[in-house]
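Asker: quick one, what's the 3D model for this:
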Amino acid sequence: MKTLFLFVIPMLLLTACMGGEAVEEPVRAVKTLTVSEASDANSRQIAGVVKATNESELSFQVGGRIAKVEVKAGDSVVKNQVLSALEQKNYTLALEEAQANLAKAKADLIEKKNMLQRQKNLKKKDFVSQAAVDQAQAAYQAAESSYDVAQTRLKTARNDLDETVLRAPFSGRIAKRLIDPFVEITAGKTAFELQGEGGFEVEVLVPETFIRDINYGDPVQVRFPTLKKAIVSGRISQIGAQAETGNAFIVTAELARTFYDIFAGMTAQVTFNLGEAGDAPVYLIPVSALDVRIPVEGEKSVKQQTTVYVFNPDLNVVEKRKVIIRDIFGNKLEVKEGLKSGDMVIVAGVPFLTEGQKVKQWKPAYNVPATINLSQ
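Answerer: Now for the predicted structure:
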């Protein structure tokens, strides 16, 4: 009996508590972003690297020991100016040997030609057989071939000697010097990097999402982080036909001539003006605002319908909103339908929200520094 009494009393107390006021669930705080029309929604900014329009890697076409280097990195050069030279002794000897071989081949050719003529004259008088004439003819043709080979070798020896001197193919500036005197170098190894004076271009990687909106000749604006006030105009000069890393395409913009001190290798920010839907307002929202619980309808495309939640400050409730995404820009989405300026889009905790849920706007809490009372 005592045990039953101890069990009934707590149950009565619990029933009394349940009969009172219901315990309300705490109202969730939501973080919002008030959207406004993106004025640059039809523009894209992509970082790239400045390159010289006319740029070449210069190398010797023959190998050998470097005798002298006439320029250094940063020097300005003119067309045909001597940049470096190899030791020429071996190539001079090769040229002299080729000249001697050519002279010998020429003398032999003359001798074989005279011999052939004598044999033909004797044959007319029936003093020699046709076989003797044929033999002289064969000897003459062999001497002629040897002479042609000697001429080719002499030409090669002269070219090799000329190639021991490296000259600037055009006027410009030495970007890099990769050689030093008295060092052996092989044919084809880069000795200098020469940048021409023709101008500069910027190379960027454009995502596949809007490569279709870029055309040859489109105007662009280029800014430089190290040149705060520099804005240089340019035009699209090349568009890659094959995707590179990350499904992006190489696009090159040729810059207009400018008085700014621009150098190859500098970082540049290229602004592309796509000009799509110029009259329709577009709003930028973070990816975190999407309700990932709801599958995207239709085909996989940047122009899709999805769901976001908007905070109603008058009723303090959540409203579900269908929106149309036009494009992806970094970690933000461009919404072209479903939002209006001033809407408070919820950007955090979206997977835990439901239509009509009571919420309150999140406000940051700032820590108050602790104080110590030293008067006691």
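
Asker: what residues of the longest helix along the chain count as buried?
Answerer: In terms of residue count, the longest helix belonging to the chain (DSSP state H) is helix 89-124. Buried residues in helix 89-124, counted by 16 or more other Cβ atoms under 10 Å: 91, 94-95, 98, 101-102, 105, 108-109, 112, 115-116, 119. Every C-beta, even on glycine, is put in place using the N, C-alpha and C of the backbone.

Asker: and which of the residues you listed is nearest to S233?
Answerer: Y91 (49.7 Å; Cβ to Cβ).

Asker: returning to that earlier point: can you name the element that comes right after the longest helix of the chain?
Answerer: Once helix 89-124 ends, the next helix or strand along the chain (criterion: DSSP states H and E) is helix 130-163.

Asker: so which elements touch that following helix?
Answerer: helix 89-124 (3 or more Cβ pairs under 8 Å, 6 or more residues apart in numbering; DSSP states H and E).

Asker: now the helix it packs on: mean pLDDT?
Answerer: Mean pLDDT, helix 89-124: 95.

Asker: hang on, the earlier thing: and the angle for the longest helix of the chain with helix 130-163?
Answerer: Counting by axes from the mean of the first three to the mean of the last three Cα atoms, to 10 degrees, helix 89-124 lies at 160 degrees to helix 130-163.

Asker: can you give the distance of helix 89-124 from its chain's centre?
Answerer: Remark: helix 89-124 is offset 58 Å from the chain centroid, using Cα atoms, centre = their mean, to the nearest Å.

Asker: packing partners for that helix?
Answerer: Applying 3+ Cβ pairs under 8 Å, 6+ apart, one finds that helix 89-124 makes contact with helix 130-163.

Asker: just how off-centre is the helix it packs on within its chain?
Answerer: That offset, for helix 130-163, works out to 52 Å (Cα atoms, centre = their mean).

Asker: same question for stretch 335-354.
Answerer: 35 Å.

Asker: buried set for that stretch?
Answerer: By 16+ other Cβ under 10 Å, the buried positions in stretch 335-354 come out as 335-336, 338-339, 343-347, 350, 353.

Asker: again with stretch 71-80
Answerer: By neighbour count with 16+ other Cβ under 10 Å, stretch 71-80 contains the buried residues 71, 77.

Asker: then that stretch to CSV, C-alphas only?
Answerer: Extracted as CSV, the C-alpha positions of stretch 71-80 are listed here (Å, rounded to 0.1, in the frame of the first residue of the first chain):
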residue,chain,number,x,y,z
VAL,A,71,72.8,41.9,-72.4
LYS,A,72,71.1,41.3,-69.1
ALA,A,73,67.5,41.1,-67.9
GLY,A,74,65.6,44.3,-68.3
ASP,A,75,67.8,45.7,-71.1
SER,A,76,66.1,47.2,-74.1
VAL,A,77,67.4,45.8,-77.5
VAL,A,78,66.8,46.6,-81.1
LYS,A,79,66.3,44.2,-84.0
ASN,A,80,69.5,42.3,-85.1
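
Asker: and that stretch, what's its mean pLDDT?
Answerer: On average, the pLDDT along stretch 71-80 is 93.

Asker: list of residues touching it?
Answerer: Stretch 71-80 has contacts (Cβ atoms under 8 Å, 6 or more residues apart in numbering) with 81, 83-84, 167-177, 192, 194.

Asker: got a ChimeraX select line for the buried ones in those?
Answerer: ChimeraX command restricting the contacts of stretch 71-80 to the buried ones, with burial defined by 16+ other Cβ under 10 Å:
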select :83,84,168,171,172,173,174,175,177,192,194
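
Asker: partner strands of the host helix or strand of F272, with direction?
Answerer: Assigned by DSSP H and E, F272 belongs to strand 267-273. When sheet partners are counted by DSSP bridges, strand 267-273 sits next to strand 43-52 (antiparallel), strand 219-224 (antiparallel).

Asker: for the ones you listed, which has the smallest mean pLDDT value?
Answerer: Looking at the strands paired with strand 267-273, the weakest mean confidence is strand 43-52, a mean of 87.

Asker: what residues sit buried inside it?
Answerer: Within strand 43-52, the residues that count as buried by 16+ other Cβ under 10 Å are 44, 46, 48, 50-52.

Asker: just after it, pick out the following helix or strand.
Answerer: Strand 43-52 is succeeded, C-terminally, by strand 55-59 (DSSP H and E).

Asker: what are the buried residues along that following strand?
Answerer: Quick answer for strand 55-59 (16+ other Cβ under 10 Å): 55-56, 58-59.

Asker: mind checking how far that strand is from the chain centre?
Answerer: That offset, for strand 55-59, works out to 20 Å (Cα atoms, centre = their mean).

Asker: what packs against that strand?
Answerer: In this structure, strand 55-59 packs against strand 190-196, with contacts taken as 3+ Cβ pairs under 8 Å, 6+ apart.

Asker: residues making contact with the strand it packs on?
Answerer: Strand 190-196 is contacted by residues 52-60, 71, 77, 83-84, 166, 168-179, 185, 264 when judged by Cβ under 8 Å, 6+ apart.
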